[in-house]
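Student: what follows is a predicted protein model with its sequence.
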Amino acid sequence: MRSTNHCIGHLHDDLDTLASQVQQSLADGNQTVWAEDDGRVYSRPMENDPDLPTHWIAGTFGLGQPLEEIADDLRALLRERSKDWIID
């Protein structure tokens with residue numbers, strides 16, 4: 001499965017830059033974007049949707065998706081996922 005996934009960055013990267021990379025990947029068609037437990041962010045064509053844990057998924061994006069919406073979805077995922085990484 002890993003060979004067909006495209007790593008586009010990490011959740012600790014600048015989210016606007018990461019959203020721009022997601023937007024560029026949309027030239028190849030609709031993409032499902034997710035972050036694995038280590039925070040690496042991947043995209044994959046929607047028609048090849050892998051069976052992913054729902055808490056990994058940032059969203060499925062299509063051509064023309066506003067950059068701000070992609071960044072907001074990545075920000076929401078980061079907020080949710082960072083709870084798992086912070087030890088009290």
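Tutor: Cool, the structure landed.

Student: what ranges do the strands span in this structure?
Tutor: According to DSSP state E, the chain carries its strands in the segments 6-10, 31-35, 40-45, 57-61.

Student: which residues are contacting the last one?
Tutor: Under the contact criterion C-beta atoms under 8 Å, 6 or more residues apart in numbering, strand 57-61 has outside partners 22-23, 26, 30-35, 41, 46, 49, 69-70, 73-74, 76-77. Bear in mind the C-beta positions are built from the backbone N, C-alpha and C, glycine included.

Student: go with 7 Å
Tutor: Residues lying outside strand 57-61 but in contact with it, judged by C-beta atoms under 7 Å, 6 or more residues apart in numbering, are 22, 26, 30-35, 46, 70, 73-74, 77.

Student: picking that back up, rebuild the strands of the chain as TSV, extending it with mean neighbour count, distance to residue 17 and mean pLDDT.
Tutor: Written out in TSV, the entries for the strands of the chain read as follows (neighbours: other C-beta atoms under 10 Å; distance: least, C-beta to C-beta, whole Å; pLDDT from 0 to 100):
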stretch	mean neighbour count	distance to residue 17	mean pLDDT
strand 6-10	15	8	91
strand 31-35	23	14	93
strand 40-45	19	11	91
strand 57-61	19	15	93
